[in-house]
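Asks: Sharing a model that was predicted from the sequence below.
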Amino acid sequence: MKTIRLVYIVLYILSGALTGLFYATDESYLPLTALLIAAIAFVLQAYADYAPQPAGIVHHGVFFKSISNRGILGWLLGALLTGIYVALYWFPEVLGKSIDGAPNKGFIHFFDSISTALNGHAASEWFAYGTLYTYLIGLFGIRFMWKYRAHPYHLRRTQVILASQFVLAYFIPEILESFSQGQAYFDKDLKNVWPLNYDFFYSWHLDNMQTSSMGMFFFVFGLAMFLIVTPILTYKWGKRWYCSWVCGCGGLAETTGDNFRQNGPKGLVAWKIERWSIHIVLVLVSIMTAATLYGYFTGTDQLFGLSIYSHFQKPYGFVIGALFSGIAGVGFYPLLGTRIWCRFGCPMAAYMGIIQRFKSRFRITTNGGQCISCGNCTTYCEMGIDVRAYAQKQQNIVRASCVGCGVCASVCPRGVLKLENGPLEQRINEPQSLVDYIKTKG
Amino acid sequence: MAQAPILIIGNGISGISAAREIRKRSDQRIIVISDETPYMISRPALMYVYMGHMKAEHIEPYERSFWDKNNITLIHDRVLSLDTAMRQVTLSKGDPLTYDRLVLATGSKSRRLGLDHEDVEGVVSLYHWHDLQKIERLSHAFGTPAAQHKITSAVITGGGLIGVELAEMLHTRGIQVTMIVRDSHFWGSVVDAHEGRLIQKQLDNHHIRTIYSSSVSRIIAQQGKLDGVVLNTGEELSCQMLGVTIGVEPNTALAAASGIECQRGVLVDSYLQTSAQHVYAIGDCAQLRAASEGRKTIEAVWYAGKMMGETVALTLTGNAAAYHPGIWFNSAKFFHLEYQTYGNVWPQSGSDQVHLHWSNNTQTKGIKLAYHPNTMAFLGINAWGLRIRQDKAFEAIRQGIHIQQLLDQLELFNFDAEFTPSAYGQMAESLRNQIPTSTPA
């Protein structure tokens, strides 16, 4: 293991040196080479960290470490991430974005050669961001699989997260983009569904989709995802099919954010706020989209004398799209956990949550009277659900917010919890005393 | 004058279960007294606080707002004496309290070796919140380099669950642990050698040294500090910590001092009432005058305390209820190895039960089924590294289904996480072959 540790440290240094060399020589093959070498180093590090330990999740020291216990390192990382998002949304020139047609510089320039190879353009700030995002999901996904290698559910789930991110969110859109040079842009991520993808119905997007048969396919597919696919899959498997298996936000939370899943706000107060805020966002996105469509079909840019752009779209994009889902959603990972956006804001999660709560086969079954109220499930629930409160009352967990990540069941030391799909009868059971449970079963 | 309160001594799972169930059924004042922690904690979760999986607040099963909301008064104080005639208790800090009914839920205390120097610094047990504080004080911080370890080696005596938990805890701080086990395999009072091997595998994987068929016969101390132990074999082990985890016994001090009839525990009838009027005892501290079928008179397990608390609450709120624990079950975890048991599975076979065994090649999963040699009725199951659905196991035990029939439907027991490759096909095949073809007459 010592040799491996030495090797990955050398590789990290090499990767850093190649990055320096790139900025000195501008050789176009260097960025990708540096990223790949760093990836190899990262995977070796994950191997060295987890392989010597017996398989099985261990959370040793999570609440002793500064980074994972909201210590100084956690705050510093939070500040760094928040800063990156602020720059990305409002000051991309800080990251090196070209101004007035000049070439990219700095951070964004690093991604130019990769962007050119994939889609023929120099990198935009969003290409750089998307590449880094996908890269992180890949690396931390592999690390996560090492950590959870004793748990087939997590292995399967993480494989799907990686496939969704790399294929659906990254390569397919970028490659399709390169085939449609000069054509009007529209979003080509098949799993980015309205209402999460709130600009799907924006006039320019609807118009652009109608300029090609591929665009029409994406339009029909997008509608079908929202109206047909999502309700059916959520009925069958709960919202987990999306939130912890496919979604990009969820993918980052599950992989890169795994170290911070315990830091979400807990308790009844948080739950109360969450129920209000997530449904308010669902209402807001619906109103905003209704206004947008009204404008589109009537050909006006005003509704009740209010500008649709500056009174509906712009505030939603700024407050919800940028501030909430980006800056707070990821920037605050180390401080508020990885699912702040998913819990308190995501309208897609709200929509599926309603289905999951009232009409779905999914539940977390509580196994009789085995719960010892230890609290591992509640502590490691990234959605801040007090899982223990149900388990210790012999009650199944059926909650709108549960994304079905399965970690509660994995960290349970007494085999109490199981995620499963089954008949709707008896899915939701009233809390009962253990005496009553034993009276009927024992 | 307002009615006197129901007083509960002890805020563990038994006392708190009683308080909760009383509150569901009555508006009478409830006071819970404990000198351990101000709010209830989950005792089995103490280990996770030491290992840094959780903070102390995380092992409180109820939010702190819960107690006010449910009008349950918590007092963090020590009860000094109990006068059952006056219906009064005196406290260490607060004023004496009178009660209408009293529930003793005083739990257990760790059993001691009874050796000289057992009170020196370095000798610990693991039951109480204060035990955890003591272990923490003796330990270096998590992640400290080996050269700065306060303790480099520990000896744990006792081959049961708490001993393994303590070993797991110390292991996370890089402390070398040696376990001294009285029997020839682990947890000899509960499991057989086949099963002991599965636990042994976990200990080996985590570099825990084990010495079997031995016990600690002498404690070596210097200037009030532990220096090592001597085994009954004469072997001397140097160590800076000695974990004494040889079981627990009912904490009867308060009851016994007040004249309530006690044997090993506080004696109670099936309504959990003690020899004193208006006084009940539940949980670890209670000893039933008569055990129900397949159960013991003292059961220091989490859920038995929970059920006793819920049962006494029914009696205290006017629906006298006898304690019926039903079919035995329990669970534990030995490092990464989960254990669940349902029904009565004895360590060794005998005239009233015989066993079938299965384990996988890597010794990470195993199962032991007990059935009656004459009736072939299924009696119980021990599962290792496999999660068993309690509803289904109980149903099969209650019906006493034929062991052959059980093997045909064993997969119904499967409570493992989705996508876990099922071992049940292979398992049933192997178990079936172990059943003697001709049933004894």
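Replies: Okay, I see it. Please read all numbers here as calculations on a predicted model, not as lab measurements.
Asks: When you work out contacts or count neighbours from here on, use the C-alpha atoms and nothing else.
Replies: OK.
Asks: longest single helix anywhere in chain A?
Replies: Ranked by number of residues, the top helix in chain A under DSSP state H is helix A:267-298.
Asks: Show the subsequent helix or strand relative to it.
Replies: Downstream of helix A:267-298, the next assigned helix or strand under DSSP states H and E is strand A:302-303.
Asks: Give the helix, strand or coil label for residue 190.
Replies: The chain I'm using is chain A. Counting by DSSP: H, G, I helix; E, B strand; the rest coil, the backbone at residue A:190 sits in coil.
Asks: Can you give me the pLDDT of it?
Replies: For residue A:190, the model assigns a pLDDT of 92.
Asks: For the residue nearest to it when sequence neighbours are not counted, list the residues it contacts.
Replies: Once flanking residues are discounted, residue A:190 sits nearest to residue A:168: 6.4 Å by C-alpha to C-alpha, 6 or more residues apart in numbering or on different chains. Residue A:168 is in contact with A:189, A:190, A:191, counting by C-alpha atoms under 8 Å, 6 or more residues apart in numbering or on different chains.
Asks: Which residues of the stretch 101-250 of chain B lie near chain A?
Replies: Within reach of chain A by C-alpha under 8 Å from any C-alpha of the partner chain, the stretch 101-250 of chain B has these residues: B:142, B:143, B:172, B:205, B:206.
Asks: Return the members of those residues classed as buried.
Replies: B:142, B:172, B:206 (16 or more other C-alpha atoms under 10 Å in any protein chain shown).
Asks: Kindly reformat those residues as a markdown table containing secondary structure, distance to residue A:208 and pLDDT.
Replies: Formatted as a markdown table, these follow (DSSP: H, G, I helix; E, B strand; the rest coil; distance: C-alpha to C-alpha, whole Å; pLDDT from 0 to 100):
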| residue | secondary structure | distance to residue A:208 | pLDDT |
| --- | --- | --- | --- |
| B:142 | coil | 57 | 96 |
| B:172 | coil | 58 | 96 |
| B:206 | coil | 60 | 95 |
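Asks: Against residue A:150, how distant is the closest residue to chain B within chain A?
Replies: Residue of chain A nearest chain B, by C-alpha to the nearest C-alpha: residue A:61 (4.1 Å). As judged by C-alpha to C-alpha, to the nearest Å, residue A:61 and residue A:150 stand 20 Å apart.
Asks: who's more crowded, the two?
Replies: residue A:61 (22 against 17; other C-alpha atoms under 10 Å in any protein chain shown).
Asks: what about that one, distance to residue B:141?
Replies: Remark: distance between residue A:61 and residue B:141 (C-alpha to C-alpha) = 10 Å.
Asks: do the same with residue A:128
Replies: 41 Å.
Asks: Looking at those two, which one has more neighbours?
Replies: residue A:128 (20 against 16).
Asks: Pull the contacting residues for the more buried one.
Replies: Per C-alpha under 8 Å, 6+ apart, neighbours of residue A:128: A:108, A:111.
Asks: list the buried ones in the host helix or strand of it?
Replies: Taking DSSP H and E as the definition, one finds residue A:128 inside helix A:125-147. Neighbour counts over helix A:125-147 (16+ other C-alpha under 10 Å) mark A:125, A:127-129, A:131, A:133-147 as buried.
Asks: ditto for stretch B:262-272
Replies: Buried residues in stretch B:262-272 (16+ other C-alpha under 10 Å): B:262, B:265, B:266, B:267, B:268, B:269, B:270, B:271, B:272.
Asks: I'd assumed residue B:255 was in contact with the first one.
Replies: Yes - if you go by C-alpha atoms under 8 Å, residue B:262 and residue B:255 touch, sitting 7.5 Å apart.
Asks: any chance you could map the strands in the stretch 251-400 of chain B?
Replies: Using DSSP state E, counting those that start in this stretch, the strands of the stretch 251-400 of chain B run over B:266-268, B:279-281, B:286-288, B:329-334, B:337-343, B:354-359, B:366-371, B:378-384.
Asks: Check the offset of stretch A:306-323 from the chain's centre.
Replies: Centroid separation between stretch A:306-323 and its chain, computed with C-alpha atoms, centre = their mean, to the nearest Å, is 22 Å.
Asks: Over to stretch A:401-418?
Replies: With C-alpha atoms, centre = their mean as the basis, stretch A:401-418 stands 19 Å off its chain's centre.
Asks: How about that stretch and chain B, touching?
Replies: Yes - judged by C-alpha under 8 Å from any C-alpha, stretch A:401-418 comes into contact with chain B at A:409, A:413, A:414, A:415, A:418.
Asks: The last one belongs to a strand?
Replies: So that's residue A:418. Yes - assessed with three-state DSSP, residue A:418 lies in a strand.
Asks: Run through the bridge partners of it.
Replies: Listed beta-bridge partners, residue A:418: residue A:365 (assigned using DSSP bridges).
Asks: ok, it - contacts?
Replies: For residue A:418, the contacting residues are A:364, A:365, A:366, A:367, A:409, B:415, B:416, B:417, B:418, by C-alpha under 8 Å, 6+ apart.
Asks: now those: which count as buried?
Replies: Buried, going by 16+ other C-alpha under 10 Å: A:364, A:365, A:366, A:367, A:409, B:415, B:416, B:417, B:418, out of the contacts of residue A:418.
Asks: Please list all residues in contact with residue 164.
Replies: You didn't say which chain, so I picked chain A. Applying C-alpha under 8 Å, 6+ apart, one finds that residue A:164 lies in contact with A:246, A:247, A:248.
Asks: Chain B was what I was after
Replies: Residue B:164 makes contact with B:334, B:335, according to C-alpha under 8 Å, 6+ apart.
Asks: what about it, which helix or strand?
Replies: Assigned by DSSP H and E, residue B:164 belongs to helix B:161-171.
Asks: chain center to that helix, what's the gap?
Replies: In terms of C-alpha atoms, centre = their mean, the centre of helix B:161-171 is found 14 Å from the chain centre.
Asks: Next, the angle strand B:329-334 makes with it.
Replies: Going by axes from the mean of the first three to the mean of the last three C-alpha atoms, to 10 degrees, helix B:161-171 is angled at 30 degrees with respect to strand B:329-334.
Asks: Within range of chain B, give me the residues from the stretch 201-350 of chain A.
Replies: Residues of the stretch 201-350 of chain A that fall close to chain B, judged by C-alpha under 8 Å from any C-alpha: residue A:267.
Asks: Can you list the residue ranges for helices in the stretch 201-350 of chain A?
Replies: A:203-209, A:213-224, A:230-237, A:240-243, A:248-255, A:267-298, A:308, A:314-315, A:329-331, A:333-336, A:340-344, A:347-358 (DSSP state H, counting those that start in this stretch).
Asks: Output the contacting helices and strands for the second one.
Replies: Contact analysis of helix A:213-224 by 3 or more C-alpha pairs under 8 Å, 6 or more residues apart in numbering or on different chains; DSSP states H and E lists helix A:203-209 as its packing neighbours.
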